[in-house]
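Student: sequence plus predicted model, see below.
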Amino acid sequence: MTDHLEAAHEDHRKAYYWVFGALVAGTVLTVLAASADVGRLGNVTIGVLIACIKASLVAYFFMHLKHEDRIFWGVAIFPLVLFLVLVLLLLPDVGFAHASPLDDPASSMYKPPAGTAHP
């Protein structure tokens, strides 16, 4: 019981600063990955993986899953596994879908309306 109380009162600031730095680094990596030309499927995959790592850090430290019992971990991990399975099943649809208007600069989405000047 005493060990649990000591763990509850320990200073967590160092870990929180580390997690904050990791979240900032993950955000920078996401921006860099988005600008990299690894294909649409590659960009989506890298972005989802970085987002999952960042979400895991938030859940583990800020939601205090670090101090929970093993039974609670099963309850917490099941939805995460389900989410990953659904994302992985949808990745081929995202990566190999028909071309998006955003992929083609000559599409009508980029053309100004008739009679207006192009900026």
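Tutor: Alright, I've got the coordinates.
Student: and residue 27, what is it in contact with?
Tutor: By C-beta atoms under 8 Å, 6 or more residues apart in numbering, the residues touching residue 27 are residue 54. Backbone N, C-alpha and C define where each C-beta goes, glycine included.
Student: which parts of this structure are helices?
Tutor: Here the chain has its helices, by DSSP state H, at 2-9, 13-35, 39-57, 70-95.
Student: format those as a markdown table; extra columns: mean pLDDT.
Tutor: As requested, the helices of the chain are arranged in a markdown table below (pLDDT from 0 to 100):
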| stretch | mean pLDDT |
| --- | --- |
| helix 2-9 | 56 |
| helix 13-35 | 91 |
| helix 39-57 | 87 |
| helix 70-95 | 78 |
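Student: single out the most deeply packed of the ones you listed.
Tutor: helix 39-57 (a mean of 15; mean count of other C-beta atoms under 10 Å).
Student: which strands or helices does that helix pack on?
Tutor: Applying 3 or more C-beta pairs under 8 Å, 6 or more residues apart in numbering; DSSP states H and E, one finds that helix 39-57 contacts helix 13-35, helix 70-95.
Student: before we move on, the earlier item: tell me which of the helices of the chain lies nearest to residue 63.
Tutor: Residue 63 sits nearest to helix 70-95 of all the helices of the chain, at 8.6 Å, using C-beta to C-beta.
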